[in-house]
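>>> heads up, no residue letters with this:
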């Protein structure tokens, strides 16, 4: 039974990719709960399944097996139209590449998710856009276009777009990946502020510094969620294996 305080409940999630008769097990028996108001980071080495997991959480992809309940909705058996409706209502996305539309103004970019919802008139859309931009400190740039903004400002607008629909959860995929350290730290400070204001956040990051800023840290290795001790052991073994392979190659080259 799903805990009503959980925004996300995953049970036994598996995802396998097939290419040229080679199976890649991207996710293996993943169990994960995210509670209302939590700030969760998901970290691990490249190729460990972080982005695949976030795509499934965001209803951009489907699991091959397992259960997924999002805000009380059992989404595993939904068709594409139902998933799109739930995604628009319940999830706010923050992408590494900002994904702003260049020929739309800041106001139009932030308003875009609301145009796909019924029952929200133009006046309410404008009010919500104003409120979202004020929360990220970008209301004064409402009439500007993405090309007129810095990378940090574009990411703030992207955060406002994620917030405007008042989603159950914010999913952030490497939100500092395209930013310099100063702007990256500013965006992380903004996420922390949003969490303190009650937002539920699930963030994928490769940066251990930023992962540590979250309220709860999830580690992944080879498609599995592992505890800290297991993660450290597997990482050491992986490093030793790579060092051994490099040593063998050096001997062959010599």
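Done, it's in. Bear in mind the structure is a predicted one, so any value in this text is a computation, not a measurement.

>>> can you list the weak-confidence ranges in the protein?
1-4, 227-232, 234-235, 238, 242, 245, 247-254 (pLDDT under 70).

>>> strands along that one, start to end?
Here the chain has its strands, by DSSP state E, at 6-19, 22-35, 39-43, 65-70, 73-74, 91-94, 169-173, 201-204, 216-221, 224-226.

>>> name the strands paired with the fourth one and say parallel or antiparallel.
Read it as strand 65-70. Strand pairing for strand 65-70, using DSSP bridges, gives strand 6-19 (antiparallel), strand 73-74 (antiparallel).

>>> okay, the strands of the chain in CSV with mean neighbour count and distance to residue 122 next?
C-beta: built from backbone N, CA, C; applies to glycine. What follows is the strands of the chain, written out as CSV (neighbours: other CB atoms under 10 Å; distance: least, CB to CB, whole Å):
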stretch, mean neighbour count, distance to residue 122
strand 6-19, 17, 30
strand 22-35, 16, 34
strand 39-43, 22, 34
strand 65-70, 19, 29
strand 73-74, 15, 28
strand 91-94, 23, 21
strand 169-173, 23, 25
strand 201-204, 26, 30
strand 216-221, 19, 40
strand 224-226, 20, 44
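
>>> for residue 159, which of these is the nearest?
strand 91-94 (5.7 Å; CB to CB).

>>> elements contacting the closest one?
helix 151-163, strand 169-173 (3 or more CB pairs under 8 Å, 6 or more residues apart in numbering; DSSP states H and E).

>>> would you turn these into JSON lines with distance to residue 15?
Listed next are those as JSON lines, based on distance: least, CB to CB, whole Å:
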{"stretch": "helix 151-163", "distance to residue 15": "24"}
{"stretch": "strand 169-173", "distance to residue 15": "16"}
